[in-house]
Structure formats: structure tokens, C-alpha cells
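>>> Pasted the sequence and its predicted model underneath.
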Amino acid sequence: MTSSLIVGPVPYEESCAQLGHTPDFERIARLECTLHRAALVAMFGPPPEGVTIAVRSNPHDFGTYYDLAVRVDDGDPDARAYALRLEDEGPGRWHDAGFTAPVDYGERGAVIHVTHGDLASGIRAAVLTLGQFPDREAQAAMRANLVAAYPEHAGAPAASS
């Protein structure tokens, strides 16, 4: 038997894209969810077998909004423990996981600045930020989790020709 938890589109104390107000809402909302998933992986490591963290679309009268759904194999105690940590101990702010907010918002969801336009940019920035604290165990572990889970995004940007 499986169950689901919803952990939200972004860390719980952060602003996020607003349906009906944020320009290019779908792209930005999906990006925020994808980066939130990466922040969870940074903090807790990749999901164990029996846990899936995926962007979920939610049709609404005013359009479709997005968040992260965590599907859990209820028969697996390790999977349940991991999922409960996501829900109970997940980041309140982006910086708790070494990330910067992908988007800065103004009033009513207006986009002031897009800091990270894709997953690779957000992960590279987090890896660099966390690398500034090699002597701090938590930051070193989060950096190692990101590098292991996203090796194709964790390195330096490709050189341009």
C-alpha cells in the first residue's frame, strides 16, 4: 500500500509563483518545484527505494498549480521514515539547503528577477555555496548529496566556443 504527502512547491517560508499573477507561471512554478526537490535531496540524500518525489499538477478553477508529492511505500519503514523527515524537517528557507531563491518576487507574484532559470544553474550555485564551508559537516554532506544525485549539473558551466 502507498500513501502520499504534499511538501509544497518551495520551502515553507518562501514566496512562490502565484497562479494568475506570475508571468510564465507554469515554467516558473515547475522550476521552483524541481529546485525544491533538489534542496530536499541535498538535505536528506536521494530518496530510498519506496519513495518517489515528483512534481504534481493540480487543476483548479483558475488554472493548474504545482507542488511536490511524495509517494511512500507504507510497508517499508525506511521509506516512511525518509518521507516523514521531508515533511517534518524540510527546509523553511532556500538557504537552509544551500540554495538561493530561483526567483525574487514583488507584490502579487510579480517577478523582479530570475536568479536561476533552470535546474543546472540552481544546483551549480548551491554546490559552490556549500563548497565554501568544507569544514562544516552538514554543508559538506549536502554538497556531497547534490554532486552524487546531479553529477551532470554539479560541475562548472561548459565553456563557450
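Ah, there it is. Residues are numbered from 1 along each chain as shown.

>>> what comes up buried for stretch 125-138?
Neighbour counts over stretch 125-138 (16 or more other Cβ atoms under 10 Å) mark 125-127, 129-130 as buried. Every residue, glycine included, has its C-beta placed from N, CA and C.

>>> hang on, I meant stretch 98-118
For stretch 98-118, by 16+ other Cβ under 10 Å, it's 98-99, 101-103, 105, 109, 111, 114, 116.

>>> Which helix or strand in the chain has the lowest average pLDDT?
helix 151-154 (a mean of 90; mean pLDDT, DSSP states H and E).

>>> How about residues contacting that one?
Contact with helix 151-154 is made by 119-120, 123-124, 127, 146-147, as judged by Cβ atoms under 8 Å, 6 or more residues apart in numbering.

>>> any idea how far Asp88 is from Val103?
26 Å (Cβ to Cβ, to the nearest Å).

>>> now the helix or strand encompassing Ser121, how far from the centre of its chain.
Secondary structure assigned from DSSP states H and E places Ser121 in helix 119-131. Average the C-alpha atoms of helix 119-131, do the same for its chain, and the two points are 12 Å apart (Cα atoms, centre = their mean, to the nearest Å).

>>> what helices or strands is it leaning on?
For helix 119-131, the packing partners by 3 or more Cβ pairs under 8 Å, 6 or more residues apart in numbering; DSSP states H and E come out as helix 25-44, helix 137-149, helix 151-154.

>>> what about the closest residue to Asp118 other than its chain neighbours, neighbour count?
In this structure, Asp118 finds its nearest non-sequential neighbour in Leu31, 7.0 Å apart by Cβ to Cβ, 6 or more residues apart in numbering. Neighbours of Leu31 under the rule other Cβ atoms under 10 Å: 24.

>>> hang on, isn't Leu31 packed against Ala120?
No. Under the criterion of Cβ atoms under 8 Å, Leu31 lies out of contact with Ala120, with a separation of 11.2 Å.

>>> Tell me where the model's unsure across this structure.
156-161 (pLDDT under 70).
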